[in-house]
Each structure stands twice: as C-alpha cells, then as structure tokens.
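Trainee: Here's my sequence, what's the structure:
(chains A and B)
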Amino acid sequence: MRSHFQAANRPLSPYSLISILILGLLLACIVGSFSGVMTVHFGDVCEAFKLLFFDDIGLGGAHVGNDRLNNGAGSNPTAQVISQLRWPRLVLAMSVGACLAVCGASLQGLFRNPLADPSLIGVSAGASIGAGLAIVVLETLFRSMSFSLPHWAVQHLVALCAFVGAGLVAWLIYIIATCRRADGLMGAAGGTSVTAMLLAGIAVASLAGAVSGVLTLIADDNELRRVSFWQMGSLETSGWGVSILAFVVSVIVCSLLTQQAKALDALALGEVEASHLGVNVARLKRRLVLLSAFGVGVSVALTGMIGFLGLVAPHGVRLLIGPNHRYLLPASALMGALLLVLSDILSRAVLSPLVIPVGMVTAVLGAPVFLWLVSRHPQRYGQ
Amino acid sequence: MVVKTRYSEKRLLDKVSVTVHPNEFVAIVGPNGAGKSTLLKAMSGEFMEYTVPRRSLRRGVRGMTSAGVAALGDRVLSELPAEDRAKRIAVLPQASTLPFDYTVEEVVRLGLFPWRLSVKDANEVVRQALISADLLGFEQRHYLSLSGGERQRTHFARVLVQVMPPALVNPAFSVGSQYLLLDEPTSALDLSHQHALMQAASQHARHVGVVVVMHDLNLALQYASRCILVNRGQVVEQGTPTDIFTPDCIADVFGVKAHRVSGKAGQPQLLFEPLMMDRNRKR
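Mentor: Numbers count the residues shown, from 1 in each chain, chains lettered A, B, ... in the order given. So this is what the prediction gives:
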C-alpha cells in the first residue's frame, strides 16, 4: 500500500515562485521603461526619476497631454515620456493585472470551480453595464443641467457604478449556479453548476453588448473612440491619477482577500463542511463577492474588459505550487501583474508605432489556454 | 448532547429525541431512507443554519421547514459561535468533493481551522491523525489521485484532527464535551480498514462522544456501546446492540431473516439468510 507513495508533482516551492515572480516583475518594468517608439538611454531614466520625485510636475500631473510635454521647460522630452506616460502605464498594468488575477482566484474559490473567470461568468460585463449606464446617464444629466463635474469625480462615479454592476452580477450568478438539492438543503457535494455559470455569463455579456451598442449610438466621435477602446480593454487611460487609484484599490483588494485564504481552503470542501469547520460561510461569501466585485468593477471602469487574466494567472500558479490559498492568492497577484505588463509591452511592440488594445493580447494568449483546459478535463468541466 | 426534531411536510424525522454522552460509541442503524443521516445532520446543527430559501416556500415546492433543537450541555447549538461549535463537534459527511488538487496532508490540516496551535503541536496532531487513519506515507499524495477508500480515510483523519487538540496537545485547550459524527465512514473501505477505522473511533470514544451511521450490524455489535435503530423517520429501539439485534427485530425492520451465533469469546454474531427474489420486503 505504501508503495503508492509519490512525491507531489509541484515543481516549485511557494517562496521560490514568489521570488521568481518579483524578479520577473522588476525585469519586466525595466524592459517596459526602455521599450517603445522612442529610444531610451540609461541617463533618460535617471532624469525621469528626478523629474518624478523632485520636480513639481511629479505625481500630481494627473493629466498629461502634448502641451505639457512640450512645456517641460527645456527638460529632456524622453525623460518626460518615461515619467509621465510609461511609468504610470506600468503601474496601471501591474495594479489591474494583480487585481483581476486575485479576484479570479477568489471567485474560483467561492464558486469551487477553476473555470470561474470574471470575464467568462459575466462579472466584468456587469461592471461594464454599470459603467456604461453611468456614462450615458451622467453625460446627459450634466448636459441638461449645463453643469460639469471635474474629470476625476466623473471617473470615481463611473468606477462606483461599475462596482455595483459587478457585485449584482456576481451575487446573481452565485444564486443561480449553486445547486440546491430538491429538499432545499445544500448538497454535501455542493459546488456550482458550470453550465449555469457560463450560460448566465453569456446572458449578462449580451446584455452588456446591448448597453454598449446604445452607448455607441448616442456617443460622438471622440467618445466613440473611447468606448470602443474601453470595450477591448486598454491601458490608454493611464496617467498618475488613474494609476494611483488603481494601485490603491488593488492593494486594498489583494490584502483583504489574502486574509480570507484559510477560510477559502475550508470552503473548497463545500459550504456545509466549511461551516462544520467553524467558517462563518454567509459572511465569507458576502466578503468574497463584495471584494472581488470591487476589484473587478474598478478595473473595468479604468481599463475596460481585459479578459482571461483571472483564469490564466491562478491556473498557472496552481500548476506550479498547488491550490493552497495562502500562497495561491499572493502568487496569483504577482503573476497577473507580470502577465499584464508583458502583454502591454507586446501590445506596444507588435504593430509599433500602433498600440493594440491590451485586452486583445490577453484574449489571444488566454483563449487557447482556456480551450486547452476544457479539452484536458472534459468530464470535469462538462456537467 | 440532546437532539429533538420534528420536520413538517416531508416528515423525514418525526418527534425524535436522542441523547448522546461523551465517552459513548453510538451506532445509528436502519434501512435506506429511514432518516439516519437526517438525524445525524440534526445533531450537527446543520438544519438550523441551512433552512429553506424563502422563494421555494412561497412557490410551495417541496419546501421543508424544520422545528427542533440540538443542545450541547445547557446551550442550544445554534447559539454557539461557529468556531466554538467546530471545536466541539466534527462531522464526516457521506461524500465530499474537492475542486482543487490539494495533497492529503493539506486536506487533513484543514481540520485545524478552528484551533490556534503552534507549528510543532499542529504537526503532531496531524501525524497522529494520519497514523489513526493508516495514511502515513500518503501525506504528499494528491487528493484527486486517491481511490474512494483512501479519500474516505483522508476525511476521517481530517475530522479526527478537529477534535484531537485538547486530549493530545494540552488540556488547557479543553472546550467541554466533544463529539465526532460520522456518516457511513466505512462505506468504501476494505475489511481491514473498516476494523481499523472502528478501532480508532472507539479509542477516541474514551473522551469524545462518537456517533456513527452504519449498515454493518456485526460491526455495530462489535464496537458500539449503544445502538439507535431508526425506521421510517422514527426511533424504533435504543439500547446495547446485543439487546436490540434480535432476529424478530431485524426481520421487522429490515425484512431479513437472521440467526445469532456465538463468535469467538462468546461474542454474538449475526448470520443472514439470503432473500428469495420474489419475496416482498416485510414492512
């Protein structure tokens, strides 16, 4: 009987994976600052540092347009590009990547299903409905009242509505997809129905399509461009204001979700089993739904629909170090950040000087992974 | 532990009142669908937390309302904080699924969720539970690669871990009377592991109340100190297995003809006669 013994086929220990990911992220940031249309020398980066932290335009420069770049009183334009365009973009990519990956991992824990990605089950679509409605309603409201809010306030309102939309969809899908036995009790083998989950995702996604269709009808040319970029998921909105908001939200979401790691492990056994282990299941579910809706909602409001990241990052981490949430959540955050930074570098490099929306890149890379997952375990995901 | 239940509409269990003491090994036996698992779930306090969603009641779809109390000592179970309850009652359900590929050791360690132990104590508790479930050498195996019986033993080790700390680590962890509720823990086990599990459970029955739902009457005869016979939602008989398992009673409840023989050391054993195919089950 003991001859069955085999070592766990986990190629890496959690700590080595986390160190590798941190190193990779640093490297990717260096590559990200140097790559682009402009050739950058080491001196430019040093000057960008100086500009960012010691000059008055530093982090406060939420709005960077060409005017500001040209006005930079005789200073190095390359350094300006680095400190005001590339770095905030890197911070935005890292924050949104980490946020989406950690929310994906937590939703997979909540749904007890490795296929629960925010973009597949409609949570991202719900966020985009919320944000889209907010844009339509706000714009018409302000136009009719001939009164304009500052840009940042509008952005926060849109983020708030996206959060509400994401939360409603996550809750709805959880209720629809969680199987209840005929007698109204949660089955011992609880879990969620994959079919119900994905079908609900399709329904919500087509609803989101309708809302954004209406949006494109009433939008003017400039808005249209913004909306279409947003649907494809892009980091073009970056600037220190947006990036810092994303960074703060992602730190909050990641640290609060990581605190639920032990309870998520217990929840993997099923809701009833988790409650027998002393988990307050109702409270845990409420926290998971709220936090991941907050993370996904804000991410979608700022960068649009970036798909598959919440699926690919946690799955890669699980293959390498196993499903233990104590390590899975932080490692997924790092992996998500790294993947999105790399996708962004790729999106700027492939058709340079054109920039492909980064959502396209993650979809092109993520969809085959998803198909591979489904074909590898058809019986596991088929029911 | 005292349980009183009554379910309306579907009447899974009707006016049942059961008391279990720590240091008892209680077997619940009865035909399929008699309400054994329901009784066990009532003991674990499951029904108080998972009552019917209101919408299914309104639609009148097989709604089930529950009325009943499970009490630990002088406290009603549903009023205990979740963690305190988990330290005192560990439940092994009939079947558990895991969506992710945890190792055996990680699954067993989940039993420590309600406890705050030092690393050394935690390792010791987990090791003892692995020994009790004959899982030494399986620590690094992946749960999803295990056979049904091995999975069952893994979950058995997990619930053992949940009630072990007071007795094993430090009496200061004592939380009052503890209970181990096992729903058909031997259903997938081979003969030797069936007995090994029963022995491990009865060892723990020295300081923990053990309640086991089982089908093998001979196992119950051998290990249980008391037996509760359930049929059609009611407790038919309670007492020592030797007193209860008379040929008349077995014929009455299970519709099977049984003979009692004396086994080794005068211990009674049951032999069952094969059923005729056309014979209707006696109700």
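
Trainee: Chain B - how does it break down into domains?
Mentor: For chain B, automatic domain parsing gives the domain ranges B:2-245, B:246-283.

Trainee: starting at the chain centroid, how far to the last one?
Mentor: If I follow you right, that is domain B:246-283. Averaged C-alpha coordinates place domain B:246-283 at 24 Å from its chain's average position (Cα atoms, centre = their mean, to the nearest Å).

Trainee: which of the residues in it are buried?
Mentor: For domain B:246-283, a neighbour-count test (16 or more other Cβ atoms under 10 Å in any protein chain shown) marks B:250, B:253-254, B:256, B:258, B:270 as buried. All C-beta atoms are positioned from the backbone trio N, CA, C, and that covers glycine.

Trainee: With respect to chain A, which of the residues you listed is nearest?
Mentor: Closest approach to chain A among the buried residues of domain B:246-283 (Cβ to the nearest Cβ): B:Val253, at 23.8 Å.

Trainee: In contact with the residue of the stretch 51-200 of chain B found nearest chain A, which residues?
Mentor: Nearest to chain A in the stretch 51-200 of chain B, going by Cβ to the nearest Cβ, is B:Ala86, at a distance of 3.0 Å. Residues in contact with B:Ala86 (Cβ atoms under 8 Å, 6 or more residues apart in numbering or on different chains) are A:276-278, B:113-114, B:162.

Trainee: What's the local residue count around the closest residue to it other than its chain neighbours?
Mentor: Using Cβ to Cβ, 6 or more residues apart in numbering or on different chains and skipping residues adjacent in sequence, the residue nearest B:Ala86 is A:Gly278, 3.0 Å away. Residues within reach of A:Gly278, counting by other Cβ atoms under 10 Å in any protein chain shown, total 20.

Trainee: Pull out the buried residues from stretch A:282-295.
Mentor: Buried, per 16+ other Cβ under 10 Å, within stretch A:282-295: A:284-285, A:287-295.

Trainee: got a list of contacts for it?
Mentor: Residues outside stretch A:282-295 that contact it (Cβ under 8 Å, 6+ apart): A:99-100, A:102-103, A:106-107, A:109-110, A:118, A:123, A:127, A:163, A:166-167, A:169-171, A:174, A:249-250, A:252-253, A:256-257, A:260, A:263-264, A:267, A:274.

Trainee: Now list the buried members of those residues.
Mentor: Counted by 16+ other Cβ under 10 Å, the contacts of stretch A:282-295 give A:99-100, A:102-103, A:106-107, A:109-110, A:118, A:123, A:127, A:163, A:166-167, A:169-171, A:174, A:249-250, A:253, A:256-257, A:260, A:263-264, A:267, A:274 as buried.

Trainee: B:Glu184: what's it in contact with?
Mentor: Contact analysis of B:Glu184 by Cβ under 8 Å, 6+ apart lists B:94, B:213-215.

Trainee: Now those in a markdown table, please, with extra columns for secondary structure and neighbour count.
Mentor: As requested, the contacts of B:Glu184 are exported to a markdown table (DSSP: H, G, I helix; E, B strand; the rest coil; neighbours: other Cβ atoms under 10 Å in any protein chain shown):
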| residue | secondary structure | neighbour count |
| --- | --- | --- |
| B:Gln94 | coil | 15 |
| B:Val213 | strand | 23 |
| B:Met214 | coil | 22 |
| B:His215 | coil | 16 |
